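Participant: Please find the sequence and the predicted model below.
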Amino acid sequence: MARVPLYKTAESEMVARIERGDWEIGRRLPNEFELAAEFGVSQGTMRRALITLEGNGYLNRKPGRGTLVAAKAPTSPTAAADAPSPVLCGADGAPLALDPFRGRSATRAATPQEAETMGCERVAVLERTLKHRGSRAALEALAVPATLVPALDEDAPAELAASLRHHGLAPVRLRADARAEVTDMAQSVALSVDRHTALLVVRLAAYDATDRVIGRQILRVAVEDARLAYL
(Lines give C-alpha, C1' and ligand atoms only; values in the text may rest on other atoms or scores of the structure.)
Protein backbone atom coordinates (compact mmCIF):
# COMPACT_ATOMS: atom_id res chain seq x y z
CA MET A 1 0.00 0.00 0.00
CA ALA A 2 1.34 3.44 -0.93
CA ARG A 3 2.50 5.57 1.99
CA VAL A 4 0.38 8.69 2.58
CA PRO A 5 2.56 11.83 2.30
CA LEU A 6 3.06 13.67 5.59
CA TYR A 7 1.54 16.89 4.23
CA LYS A 8 -1.64 14.99 3.28
CA THR A 9 -1.86 13.54 6.77
CA ALA A 10 -1.49 17.03 8.26
CA GLU A 11 -4.12 18.40 5.85
CA SER A 12 -6.62 15.70 6.77
CA GLU A 13 -6.19 16.28 10.51
CA MET A 14 -6.55 20.06 10.16
CA VAL A 15 -9.68 19.70 8.02
CA ALA A 16 -11.12 17.31 10.60
CA ARG A 17 -10.48 19.82 13.38
CA ILE A 18 -12.20 22.57 11.39
CA GLU A 19 -15.22 20.45 10.45
CA ARG A 20 -15.63 19.14 14.02
CA GLY A 21 -15.54 22.71 15.30
CA ASP A 22 -12.35 22.19 17.33
CA TRP A 23 -10.95 25.07 15.29
CA GLU A 24 -13.83 27.53 15.00
CA ILE A 25 -14.25 30.04 12.17
CA GLY A 26 -12.16 33.14 12.81
CA ARG A 27 -9.67 31.34 15.06
CA ARG A 28 -6.07 32.47 14.63
CA LEU A 29 -3.79 29.46 14.27
CA PRO A 30 -0.25 29.19 15.68
CA ASN A 31 2.64 30.01 13.33
CA GLU A 32 4.18 27.44 10.97
CA PHE A 33 6.94 26.49 13.41
CA GLU A 34 4.48 25.74 16.22
CA LEU A 35 2.08 23.86 13.94
CA ALA A 36 4.95 21.81 12.48
CA ALA A 37 6.06 20.84 15.97
CA GLU A 38 2.49 19.96 17.01
CA PHE A 39 1.93 17.72 13.97
CA GLY A 40 5.45 16.27 14.00
CA VAL A 41 6.41 17.43 10.49
CA SER A 42 8.94 19.82 8.97
CA GLN A 43 8.15 23.50 8.47
CA GLY A 44 8.19 22.97 4.68
CA THR A 45 5.68 20.12 4.96
CA MET A 46 3.41 22.23 7.16
CA ARG A 47 3.67 25.20 4.78
CA ARG A 48 2.55 22.99 1.86
CA ALA A 49 -0.43 21.73 3.87
CA LEU A 50 -1.43 25.28 4.85
CA ILE A 51 -1.16 26.51 1.26
CA THR A 52 -3.42 23.67 0.06
CA LEU A 53 -6.02 24.34 2.76
CA GLU A 54 -5.96 28.03 1.90
CA GLY A 55 -6.52 27.17 -1.76
CA ASN A 56 -9.43 24.93 -0.75
CA GLY A 57 -11.06 27.76 1.19
CA TYR A 58 -10.55 26.47 4.74
CA LEU A 59 -7.94 29.04 5.76
CA ASN A 60 -7.23 32.71 5.14
CA ARG A 61 -3.56 33.68 5.34
CA LYS A 62 -2.75 37.40 5.41
CA PRO A 63 0.63 39.09 5.98
CA GLY A 64 0.69 40.62 9.44
CA ARG A 65 -2.52 38.85 10.49
CA GLY A 66 -1.39 35.25 10.50
CA THR A 67 -3.53 32.28 9.53
CA LEU A 68 -7.26 32.36 10.28
CA VAL A 69 -9.87 29.63 9.95
CA ALA A 70 -12.08 30.83 7.09
CA ALA A 71 -14.84 28.21 6.86
CA LYS A 72 -15.91 24.72 7.88
CA ALA A 73 -15.92 23.77 4.21
CA PRO A 74 -15.18 25.57 0.94
CA THR A 75 -18.15 27.66 -0.15
CA SER A 76 -17.55 27.91 -3.91
CA PRO A 77 -17.04 24.37 -5.29
CA THR A 78 -20.71 23.34 -5.18
CA ALA A 79 -21.85 26.34 -7.18
CA ALA A 80 -18.89 26.04 -9.52
CA ALA A 81 -19.59 22.37 -10.15
CA ASP A 82 -23.00 23.30 -11.55
CA ALA A 83 -21.57 25.86 -13.99
CA PRO A 84 -20.53 24.86 -17.53
CA SER A 85 -16.79 24.34 -17.91
CA PRO A 86 -14.76 25.52 -20.92
CA VAL A 87 -13.61 22.51 -22.95
CA LEU A 88 -11.60 22.21 -26.15
CA CYS A 89 -13.55 20.16 -28.68
CA GLY A 90 -12.81 18.70 -32.09
CA ALA A 91 -14.89 18.77 -35.23
CA ASP A 92 -17.07 15.92 -33.92
CA GLY A 93 -17.93 17.88 -30.75
CA ALA A 94 -16.03 15.48 -28.47
CA PRO A 95 -13.44 16.84 -26.02
CA LEU A 96 -10.04 17.14 -27.66
CA ALA A 97 -7.50 14.73 -26.17
CA LEU A 98 -4.11 16.44 -25.86
CA ASP A 99 -1.17 14.45 -24.48
CA PRO A 100 2.18 15.76 -23.19
CA PHE A 101 5.01 15.26 -25.66
CA ARG A 102 7.96 17.50 -24.85
CA GLY A 103 8.25 20.11 -22.10
CA ARG A 104 10.41 22.43 -20.04
CA SER A 105 9.73 23.44 -16.44
CA ALA A 106 11.30 26.46 -14.72
CA THR A 107 10.63 29.40 -12.40
CA ARG A 108 10.88 33.08 -13.25
CA ALA A 109 9.78 36.53 -12.14
CA ALA A 110 6.07 37.15 -12.68
CA THR A 111 5.05 39.49 -15.47
CA PRO A 112 3.12 42.62 -14.38
CA GLN A 113 -0.15 40.97 -15.43
CA GLU A 114 0.68 37.73 -13.56
CA ALA A 115 1.69 39.68 -10.46
CA GLU A 116 -1.59 41.59 -10.55
CA THR A 117 -3.91 38.64 -11.15
CA MET A 118 -2.12 35.97 -9.09
CA GLY A 119 -0.63 38.20 -6.39
CA CYS A 120 2.86 36.75 -6.58
CA GLU A 121 6.39 37.83 -7.39
CA ARG A 122 7.55 34.56 -8.96
CA VAL A 123 5.78 31.87 -10.97
CA ALA A 124 6.48 28.25 -11.79
CA VAL A 125 6.11 27.82 -15.54
CA LEU A 126 5.68 24.88 -17.87
CA GLU A 127 6.06 25.11 -21.64
CA ARG A 128 5.15 22.00 -23.61
CA THR A 129 4.33 20.64 -27.02
CA LEU A 130 1.18 18.50 -26.92
CA LYS A 131 0.12 15.70 -29.24
CA HIS A 132 -3.28 14.75 -30.61
CA ARG A 133 -3.67 11.28 -32.14
CA GLY A 134 0.08 10.92 -32.32
CA SER A 135 0.84 14.22 -34.08
CA ARG A 136 2.14 17.48 -32.61
CA ALA A 137 -1.00 19.56 -32.25
CA ALA A 138 -0.67 22.32 -29.63
CA LEU A 139 1.72 24.49 -27.65
CA GLU A 140 1.06 25.04 -23.95
CA ALA A 141 2.29 27.76 -21.59
CA LEU A 142 1.22 27.30 -17.95
CA ALA A 143 2.02 29.59 -15.01
CA VAL A 144 1.27 28.98 -11.31
CA PRO A 145 2.35 31.05 -8.29
CA ALA A 146 5.66 29.60 -7.07
CA THR A 147 4.39 29.96 -3.50
CA LEU A 148 1.77 27.30 -4.33
CA VAL A 149 3.85 24.98 -6.52
CA PRO A 150 7.65 25.39 -6.52
CA ALA A 151 8.08 23.31 -9.71
CA LEU A 152 5.63 21.97 -12.30
CA ASP A 153 5.66 18.34 -13.45
CA GLU A 154 6.41 17.99 -17.16
CA ASP A 155 4.21 14.86 -17.28
CA ALA A 156 1.12 16.46 -15.70
CA PRO A 157 -2.18 16.28 -17.64
CA ALA A 158 -2.70 18.94 -20.30
CA GLU A 159 -6.23 19.88 -19.17
CA LEU A 160 -5.86 22.83 -16.79
CA ALA A 161 -8.06 21.70 -13.89
CA ALA A 162 -6.59 18.19 -13.98
CA SER A 163 -3.06 19.61 -14.10
CA LEU A 164 -3.66 21.81 -11.06
CA ARG A 165 -5.21 18.93 -9.11
CA HIS A 166 -2.16 16.84 -10.08
CA HIS A 167 -0.05 19.49 -8.32
CA GLY A 168 -2.16 19.47 -5.16
CA LEU A 169 -4.30 22.53 -5.94
CA ALA A 170 -8.09 22.76 -5.93
CA PRO A 171 -9.55 24.77 -8.83
CA VAL A 172 -13.27 25.41 -8.53
CA ARG A 173 -13.91 27.67 -11.50
CA LEU A 174 -12.38 28.17 -14.95
CA ARG A 175 -12.64 31.21 -17.17
CA ALA A 176 -11.62 31.17 -20.82
CA ASP A 177 -11.49 33.21 -24.00
CA ALA A 178 -10.41 32.31 -27.52
CA ARG A 179 -9.10 34.03 -30.60
CA ALA A 180 -7.48 33.17 -33.93
CA GLU A 181 -3.79 33.58 -34.82
CA VAL A 182 -1.34 32.17 -37.33
CA THR A 183 1.94 30.49 -36.49
CA ASP A 184 5.25 32.32 -36.56
CA MET A 185 8.44 30.54 -37.63
CA ALA A 186 9.24 29.06 -34.19
CA GLN A 187 5.69 27.82 -33.68
CA SER A 188 5.63 26.27 -37.15
CA VAL A 189 8.82 24.34 -36.40
CA ALA A 190 7.59 23.20 -32.98
CA LEU A 191 4.30 21.96 -34.43
CA SER A 192 5.79 20.70 -37.70
CA VAL A 193 3.32 22.69 -39.82
CA ASP A 194 3.58 25.27 -42.59
CA ARG A 195 4.29 28.82 -41.57
CA HIS A 196 1.14 30.94 -41.14
CA THR A 197 -0.94 27.88 -40.24
CA ALA A 198 -4.15 28.89 -38.46
CA LEU A 199 -4.18 28.52 -34.68
CA LEU A 200 -6.95 28.58 -32.11
CA VAL A 201 -5.50 30.44 -29.10
CA VAL A 202 -7.29 29.66 -25.82
CA ARG A 203 -6.45 31.55 -22.63
CA LEU A 204 -7.69 29.99 -19.40
CA ALA A 205 -7.60 31.12 -15.79
CA ALA A 206 -8.36 28.85 -12.83
CA TYR A 207 -9.76 30.15 -9.53
CA ASP A 208 -9.78 28.58 -6.07
CA ALA A 209 -12.54 28.68 -3.47
CA THR A 210 -11.50 32.19 -2.39
CA ASP A 211 -11.81 33.39 -6.01
CA ARG A 212 -8.05 33.82 -6.34
CA VAL A 213 -6.32 32.97 -9.63
CA ILE A 214 -4.13 29.90 -9.01
CA GLY A 215 -3.17 29.12 -12.61
CA ARG A 216 -3.08 30.66 -16.06
CA GLN A 217 -2.74 28.62 -19.24
CA ILE A 218 -2.37 29.55 -22.90
CA LEU A 219 -2.98 26.88 -25.53
CA ARG A 220 -2.14 27.41 -29.20
CA VAL A 221 -3.96 24.64 -31.03
CA ALA A 222 -3.31 23.67 -34.64
CA VAL A 223 -6.01 20.99 -34.87
CA GLU A 224 -8.34 21.76 -37.78
CA ASP A 225 -11.87 22.74 -36.67
CA ALA A 226 -10.90 22.81 -32.99
CA ARG A 227 -13.20 25.05 -30.97
CA LEU A 228 -13.89 26.19 -27.41
CA ALA A 229 -17.17 24.91 -25.98
CA TYR A 230 -18.88 24.97 -22.57
CA LEU A 231 -20.02 21.56 -21.38
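Facilitator: Right, received. Where do you want to start? Numbering: from 1, shown residues only.
Participant: Stretch 129-139: end-to-end distance?
Facilitator: Across stretch 129-139, the terminal residues are separated by 5 Å (CA to CA, to the nearest Å).
Participant: Repeat that for stretch 148-156.
Facilitator: For stretch 148-156, the first-to-last residue distance is 16 Å (CA to CA).
Participant: Need the residues that contact it.
Facilitator: 51, 55, 100, 103-105, 107, 124-126, 128, 142, 144, 162-163, 166-169, 214 (CB atoms under 8 Å, 6 or more residues apart in numbering). Placement of C-beta: from N, CA and C, glycine included.
Participant: For the chain, just list every one of the helices.
Facilitator: Assigned by DSSP state H, the helices in the chain fall at 6-20, 32-39, 43-55, 77-82, 112-118, 160-166, 185-191.
Participant: Tell me which of the ones you listed lies nearest to residue 89.
Facilitator: helix 160-166 (15.0 Å; CB to CB).
Participant: re the thing from before, buried deepest among the helices of the chain, which one?
Facilitator: When those are scored by mean count of other CB atoms under 10 Å, the highest mean neighbour count falls to helix 43-55 (a mean of 21).
Participant: That one versus helix 6-20: what angle between them?
Facilitator: Angle, helix 43-55 to helix 6-20, by axes from the mean of the first three to the mean of the last three CA atoms, to 10 degrees: 40 degrees.
Participant: Is it possible to mark the buried ones in the contacts of stretch 148-156?
Facilitator: Using 16 or more other CB atoms under 10 Å as the burial test, the contacts of stretch 148-156 include 51, 55, 100, 103, 107, 124-126, 128, 142, 144, 163, 167-169, 214 as buried.
Participant: quick one: which of those sit in strands?
Facilitator: Using DSSP state E, the subset of these located in strands is 100, 103, 107, 124-126, 128, 142, 144, 214.
Participant: how about the helices of the chain in a markdown table, adding distance to residue 177 and mean pLDDT?
Facilitator: Shown next, in a markdown table, are these (distance: least, CB to CB, whole Å; pLDDT from 0 to 100):
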| stretch | distance to residue 177 | mean pLDDT |
| --- | --- | --- |
| helix 6-20 | 33 | 85 |
| helix 32-39 | 38 | 91 |
| helix 43-55 | 23 | 82 |
| helix 77-82 | 18 | 46 |
| helix 112-118 | 14 | 88 |
| helix 160-166 | 13 | 89 |
| helix 185-191 | 19 | 95 |
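Participant: looking at the ones you listed, which is closest to residue 220?
Facilitator: Ranking those by proximity to residue 220 (CB to CB) places helix 185-191 first, at 6.6 Å.
Participant: Please name every helix or strand in contact with that closest one.
Facilitator: Where contact means 3 or more CB pairs under 8 Å, 6 or more residues apart in numbering; DSSP states H and E, helix 185-191 is packed against strand 135-145.
Participant: quick one: the strand it packs on to chain centroid distance?
Facilitator: In terms of CA atoms, centre = their mean, to the nearest Å, the gap separating the centre of strand 135-145 from the centre of its chain is 13 Å.
Participant: Much appreciated, bye for now.
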